[in-house]
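Colleague: Sequence and computational prediction follow.
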Amino acid sequence: MAFYTFLPHRGLMTVKGIDRFNFLQGLISNDMRKVEAGEVVWAALLSPQGKFLHDFFIFSMKDVIYLDCEYDRRDDLLALLLRYKLRAKVTLDTKCILETGVAWGNSVDVALRLPRITNAPSAIQGGFIYRDPRLPAAGLRWALPKDTAKKTLGESGLIASEPQIFDLHRFSLGLPDGSRDMEIEKALLLENGFEELHGIDFQKGCYMGQELTARTHYRALIKKRLMPVTIDGPAPLPGTPLKADGIDAGEMKSSQNGHGLALVRLAVWRKAIDGVLDAGGTKIKPFIPEWMNLPNDNKNDAAQT
């Protein structure tokens, strides 16, 4: 079966103007030349110190670049981009009327008639649809007119679902969702899977915050990772400290119904009995998704600790 749901916490921003690609190229973690060539990319905007500020999916249709970003933080993202606009010939707008959402499940691309071999957005019933560029299993993301979205998706055979159900799916894959899982002005991209999930291009040249990201990459300095977890007990609130024999082992992020994500201190977790951590009396067990590469270890050894 294949499902769809609206994501009301996500929204679109548009960037227009002849300098639109070059303007974003010097700011974000991925290569805008891919977007100019027709691809969809996942990327982040960092602070000058290399810490997470915003993440977004970026695609271009005709003469407009679209950023699928956090709805409630669009004004903040707009203000940041305007700060760096200077003389660039670009126009930025947060008033896009399309609603955003996701579709996932068996043969979802066939149901929505998306060509199988493509990393490009496609036009559909007054909006757009594209593959999540992070993982094939993440499914499709869409932006459609609110008054016709249900009809368009329902007539394709997709089953209406809820954002919380999709959360369970992304938890199983280990995928972060903006500031719900990455702390603003603190999180590092490499701790949150941006390298393996294609959110960084190390060959693109300079961008804001690049120095820390590159240094962390080339010196293999990652000591924490955002990981999927199973939860035995009441779901801990985001930010709840994780412990192993009283030692700091990280903190919880978003979760529900026995599943979630946590930022885990790898060295502490590897020494924990049966790999189980404590979150205020609740047992938390991280596991390694197939796509994740942990530093200075292998998946089998880590899974056994």
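Modeller: The structure has been received and is ready for your questions. Fair warning: this is a prediction, and the values are worked out from it, not measured in the lab.

Colleague: In this structure Thr14 contacts Cys96, no?
Modeller: Yes: the criterion here is Cβ atoms under 8 Å, and Thr14 meets it with Cys96 at 5.7 Å. Placement of C-beta: from N, CA and C, glycine included.

Colleague: Could you name every residue contacting both of these two?
Modeller: Here Thr14 and Cys96 have Tyr66 as joint contacts, going by Cβ atoms under 8 Å, 6 or more residues apart in numbering.

Colleague: Helices along the stretch 1-150 of the chain, start to end?
Modeller: Under the criterion DSSP state H, counting those that start in this stretch, the stretch 1-150 of the chain contains helices at 20-25, 32-36, 74-83, 108-111, 146-154.

Colleague: Give me the outermost residue of the protein relative to its centroid.
Modeller: Most distant residue from the mean C-alpha position of the chain: Asp245, 31.8 Å away (Cα atoms, centre = their mean).

Colleague: Need the three-state assignment for Ser172.
Modeller: With DSSP: H, G, I helix; E, B strand; the rest coil as the basis, Ser172 sits in helix.

Colleague: OK, contacts around it?
Modeller: Contacts of Ser172 by Cβ under 8 Å, 6+ apart are Pro228, His259, Pro289.

Colleague: Would you mind measuring from the closest residue to Ala244 other than its chain neighbours to Gly250?
Modeller: Excluding its sequence neighbours, the residue lying closest to Ala244 (Cβ to Cβ, 6 or more residues apart in numbering) is Ala272, at 4.0 Å. Per Cβ to Cβ, to the nearest Å, Ala272 is found 11 Å from Gly250.

Colleague: what do you get for Thr216?
Modeller: Thr216 sits 17 Å away from Gly250, going by Cβ to Cβ.

Colleague: swap in Phe21?
Modeller: Taking Cβ to Cβ, one finds Phe21 at 38 Å from Gly250.

Colleague: what's the answer for Asp201, then?
Modeller: Asp201 is 28 Å from Gly250, by Cβ to Cβ.

Colleague: now swap in His259 and tell me
Modeller: Distance from His259 to Gly250, by Cβ to Cβ: 16 Å.

Colleague: Please say which of those two ends up with more neighbours.
Modeller: Gly250 (26 against 18; other Cβ atoms under 10 Å).

Colleague: Now for that one: which residues touch it?
Modeller: Gly250 makes contacts with Lys224, Pro241, Leu242, Ala262, Leu263, Val264, Arg265, Val268, Trp269, Leu277, as judged by Cβ under 8 Å, 6+ apart.

Colleague: Next step: the residues you listed restricted to strands.
Modeller: Members of the contacts of Gly250 lying in strands (criterion: DSSP state E): Lys224, Pro241, Leu242, Ala262, Leu263, Val264, Arg265, Leu277.

Colleague: Make sure the first one is actually in contact with Ala267.
Modeller: I take that to be Lys224. No: contact between Lys224 and Ala267 fails when scored by Cβ under 8 Å: they sit 9.4 Å apart.

Colleague: residues in contact with Pro133?
Modeller: Glu39, Val40, Val41, Trp42, Phe57, Asn119, His198.

Colleague: Turn the buried ones among the ones in strands among the contacts of Gly250 into a named PyMOL selection, would you?
Modeller: Applying 16 or more other Cβ atoms under 10 Å to these, the buried members can be selected in PyMOL as follows:
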select buried, resi 224+242+262+263+264+265+277
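
Colleague: Let me know the closest of the ones in strands among the contacts of Gly250 to Glu183.
Modeller: Leu263 (8.3 Å; Cβ to Cβ).

Colleague: if you skip the residues just before and after it, what's nearest to the closest one?
Modeller: Closest to Leu263 by Cβ to Cβ, 6+ apart is Gly250, at 4.8 Å.

Colleague: quick one: strands adjacent to the helix or strand harbouring that neighbour?
Modeller: Per DSSP states H and E: Gly250 is located in strand 247-256. Strand 247-256 has these partner strands in its sheet, going by DSSP bridges: strand 241-244 (antiparallel), strand 259-265 (antiparallel).

Colleague: possible to save the ones you listed as TSV with distance to Phe194 and mean pLDDT?
Modeller: Conversion of the strands paired with strand 247-256 to TSV gives the following (distance: least, Cβ to Cβ, whole Å; pLDDT from 0 to 100):
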stretch	distance to Phe194	mean pLDDT
strand 241-244	22	98
strand 259-265	14	98
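
Colleague: Out of those, flag the one nearest Leu188.
Modeller: Closest to Leu188 of those, according to Cβ to Cβ: strand 259-265, at 10.1 Å.

Colleague: Can you name the residues in contact with the closest one?
Modeller: 168, 171-172, 174, 176, 181, 187, 191, 223-231, 235, 242, 248-255, 277, 279, 284, 286.

Colleague: Just the buried ones from the residues you listed?
Modeller: 171, 174, 176, 181, 187, 191, 224-231, 235, 242, 249-255, 277, 279, 284, 286.
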